[in-house]
Structures are given as structure tokens and as C-alpha cells.
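A.B. asks: coords please:
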Amino acid sequence: MLKTNEVYFFDAVEFETIIEHYLNIGKQSLAKKAVQLGLEQHPSSIQLKLMKVEILIFEDELHEAIKMLSNIEAVEPHNDEVFIQKAIILSKKKQHTEAIAILKESLQYIEDPSDIWSMIGMEYLYLDDFENARLNFAKCIEVDYEDYSSLYNIVYCFDMEDSHEDAIKFLNSYLDKNPYCEVAWHQLGRQYFELGMFKEALTAFDYAVLIDDSFIGGYLEKAKSLEELKRYEEAIENYLVTLELDDPTAYAYIRIGECYEKLENTQTAIHFYKKAVHEDPLLDRGWILLTNACYNQGNYQKALYYINKAIHIDEANVLYWRRYGDINLKLNFYEESVKAFRTCLSLGDREIEIYVALADILLFLGEFNEALKILIQAKKTYKEFAEIEYRLCGLFMILGKEEYSVTHLNNALAIDFEYHTIVKELYPSVFENKRIQKIISSYDKAVQ
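C.D. replies: Numbering: from 1, shown residues only. Okay, here's the model as predicted:
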């Protein structure tokens, strides 16, 4: 008909089937055309008009949809679909309480209320009313024990309320009636895992994969539980099963690599991390794990290559910049280390280690005034810290400001006398200064 512009007669039910087909496969424009042709042939068909309302709502033509619904309601005031479409419109307008009222009203006219209970549950979810949402989804489960969508929603509500014990009670009760439900066993395992009950979680995941030996989620969660129980070889076996059941994932490769690292098999861990970044080159976690593995092996050149990859993906991650600074320091690339630690500060990392590391590198480079600025900046946050006071003592003495130096030395000695050896380590010439020696000696005697 569309190609030739010829008109063939279809009865209303056939049009409904055609429209439903196009809606299900997402061909909205063809569904719209079928509705138009259908209403031309069957202008009084309520069902076709309701399908038009559905399309109008999808296109956000809410005013036109409301108008059509009013006309339909005048003819069929108790049509359940009218209530449903009115509720959908209210929901789209974020009027969830009103949508719930409409749906509750519709219950007296509907033979199978399950869909309505589910819709009411969703509206309560939008209102963050998890208890009422859960109670409505529970009604769906009572009618159909295989309504897994409602089952997931009930567990989600328990999760949002942090009611893991209640979730466990509910799931155990559900499993008493439906013991071969792998979804319920999987969800039960997740609840035990959240509570740190890893042995119980493992048992639940075991049942899930026994019921369905191709249940990837079950194997993944089982592997995670085995990791928590430090049974790394078994965890690896379960991650490998997931790779056989479906296309390999970077996530599984990373978890396998981490298990091998815990088994102190770093080379095999690196092998799997490489597989992970090959699978997903934009997964920065893979690159940072490669970085850390190489760093721990003392292979700083490779670590530098990998950390650059991680930073390229996430330039705002202070942990990556810290590691970048550490690696460059190991390679004696001091200017790059300075850049790294300055970036950490600019990104809001105010840890004392950053200030101290940066100040020490600037000292080594002979940039005494820059080092001093960093330490003064640090002192605003860390007011009574020996790490800062001893360094200020050394820098002020180098810059010829002896009185300032002595003041900070006295502060430092009062905070932590034992740490005074840092002056000898970082500022040997200052440590040899007679006045400095005298102050340290007098403190030493006082301590003894």
C-alpha cells in the first residue's frame, strides 16, 4: 500500500498487529503511518485511537494525547488502557503521586492487575519511596513467581534501604517456594557478599551456576567471593569460565591479573593486564595496574610508558600524577617530577607527602625560593608538623635568614626531636652550623 498508494482493506485487528510489530522493532514512523491508515478505514476503533495516543506520548505530543484520551474516555470511561495512558502522561510530567492515584483507581476495572502493580511500584521508585515500591512489586511476585523484573526491583529497594538482612529473609522465603531460580540464588549471594559473609555468598553462587551452568553473572560473583576468601586459583578458574561462555572482557582479564599478583606471579599478571588493555584500550585501570606491576619490579621505563597511557585517559586523577612523579624521580627526571607534584596540588591533592616531595626536589635542583614557597603553602594546612618545620629551618639558613631558621628549628625540636636527623640528611651544611648544633645539643640533653 505504501509503495503503490493503492488502498487495501484490513480489519482493525490486523492493523493493531501491524502497528504493534512496528512499535516493537522501533520503527516509529511506519507505526504512525499504519495508525493513520487504520483510522481512515476504522475511524471509530478505540484500540487504534489508543495506539495513536501511545505514539503521541512517545513523541511528547502530550497536549494532543490528553485531548484524544478525553474523547475516548467519553465513549469508554472504564477502559483500562485509558487509565494507563493517563498515568504515563502524568509520570512524564513528573506528577508521580497523581499517576499513582490514577493507577490505583484503574485496579477496580482490570482483570489482571500485575502490570498496574508494577507501574505503581515504578512510580514509587521515582518518588524514592522504596517501601511502597517494594510492596507493590511483591504483589506481582505473588501472582507470578517467574516475574524476575519485579524480583530485581524488590532487591533493588532493599539495597537502597541498606536492608540486606531483610533482603536475605525475603530471598530465602522466595527460594523455599521456587528453589530452582538461579536469579534468586544470585541475588541472595550478592546480599551475603555485601554483609561480608563470603562463605554463605559462595554457597549461593554455587547453586546459581549449578542450576544454570552458562550463568556468567553467577561465575563472576563466585570468583569475587573466592578472591575475598583468598582462594585465588579457584577464583581464576571461574573468571576463565566466563571467558569461555562469552566474548572476553577487560574486566575479567583484570581480575585474573590481580589474582595472579596476589599469588606473587607478577609476569602472568602483566600478561593478563596486557590482554585487558588490548580488549579495551581506554580502560585506565588496566594501564595503572600495568604501571604498578612494572614499578614493583623496578622496571621504571616501562612503568613510565604505561602511566602516560593512564594519564592520557584520565588527566584529572591525582593518584596517576603521584605515580608519574614517583617514577620520574626513580629515573632522575626531576623536572618532570616537579611538574607531576605541582599538578597534584593544582588538582586539590593537599597531602603532606606531596608538599614534602616537591620541596625536596626543588631543593635538589637549587630552586630554594620555590621550595620555600611550597613549604609556606604547606604550613597553612599543616601548622605543627616537624616534616615542614625542619625543612623551613634548613631553607631559611641557606637563604641567609638565620633567625627565621632558628625559630623553625625550635618549633621542630619541640614537635619531634628524633626527626632532627632530616636536617643532616637534606641540609648537611646547615647541620654543621655551630648555632644549630648548639640548639640541637641543648634539646638532646633536655630530652635525656
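
A.B. asks: quick one: the nearest residue to residue 119 once chain neighbours are set aside and residue 49, what's the gap?
C.D. replies: The shortest distance from residue 119 to any non-neighbouring residue, by Cβ to Cβ, 6 or more residues apart in numbering, is to residue 103 (5.5 Å). Backbone N, C-alpha and C define where each C-beta goes, glycine included. From residue 103 across to residue 49, the span is 21 Å (Cβ to Cβ, to the nearest Å).

A.B. asks: Please say which of the two ends up with more neighbours.
C.D. replies: Taking neighbours as other Cβ atoms under 10 Å, residue 103 and residue 49 compare with residue 103 leading, 28 against 23.

A.B. asks: OK, contacts around that one?
C.D. replies: Residue 103 sits next to 83, 84, 87, 116, 119, 120, 123 when contact means Cβ atoms under 8 Å, 6 or more residues apart in numbering.

A.B. asks: close enough to count as contact, the fifth one and residue 84?
C.D. replies: Yes. Using Cβ atoms under 8 Å, residue 119 is in contact with residue 84, at 7.2 Å.

A.B. asks: If I look at residue 283, what pLDDT would I see?
C.D. replies: At residue 283 the predicted local confidence, pLDDT, stands at 94.

A.B. asks: May I have the phi/psi pair for it?
C.D. replies: Residue 283 has phi and psi values of phi -90, psi 100 when expressed as degrees, to the nearest 10.

A.B. asks: Could I get the contacting residues of it?
C.D. replies: 250, 254, 276, 277, 313.

A.B. asks: Please report how far it lies from residue 303.
C.D. replies: Counting by Cβ to Cβ, the gap from residue 283 to residue 303 is 17 Å.

A.B. asks: again with residue 284
C.D. replies: Applying Cβ to Cβ to residue 284 and residue 303 gives a distance of 15 Å.

A.B. asks: who's more crowded, these two?
C.D. replies: Using other Cβ under 10 Å as the criterion, residue 284 and residue 303 rank with residue 303 on top: 24 against 19.

A.B. asks: Enumerate every residue touching that one.
C.D. replies: Per Cβ under 8 Å, 6+ apart, neighbours of residue 303: 291, 292, 294, 295, 323, 327.

A.B. asks: What of residue 337?
C.D. replies: Residue 337 sits in contact with 325, 326, 328, 329, 357, 361, where contact means Cβ under 8 Å, 6+ apart.

A.B. asks: Now name the helix or strand holding it.
C.D. replies: helix 334-346 (DSSP states H and E).

A.B. asks: and that helix, what's its mean pLDDT?
C.D. replies: 95.

A.B. asks: and it, C-alpha only, in CSV?
C.D. replies: Output in CSV follows, covering the C-alpha atoms of helix 334-346 (Å, rounded to 0.1, in the frame of the first residue of the first chain):
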residue,chain,number,x,y,z
TYR,A,334,63.5,15.8,38.3
GLU,A,335,61.8,18.5,36.2
GLU,A,336,59.0,16.0,35.2
SER,A,337,58.6,15.1,38.9
VAL,A,338,58.2,18.8,39.8
LYS,A,339,55.5,19.1,37.1
ALA,A,340,53.7,16.0,38.4
PHE,A,341,53.6,17.1,42.0
ARG,A,342,52.6,20.6,41.1
THR,A,343,49.8,19.1,39.1
CYS,A,344,48.7,17.1,42.1
LEU,A,345,48.4,20.3,44.1
SER,A,346,46.5,22.1,41.4
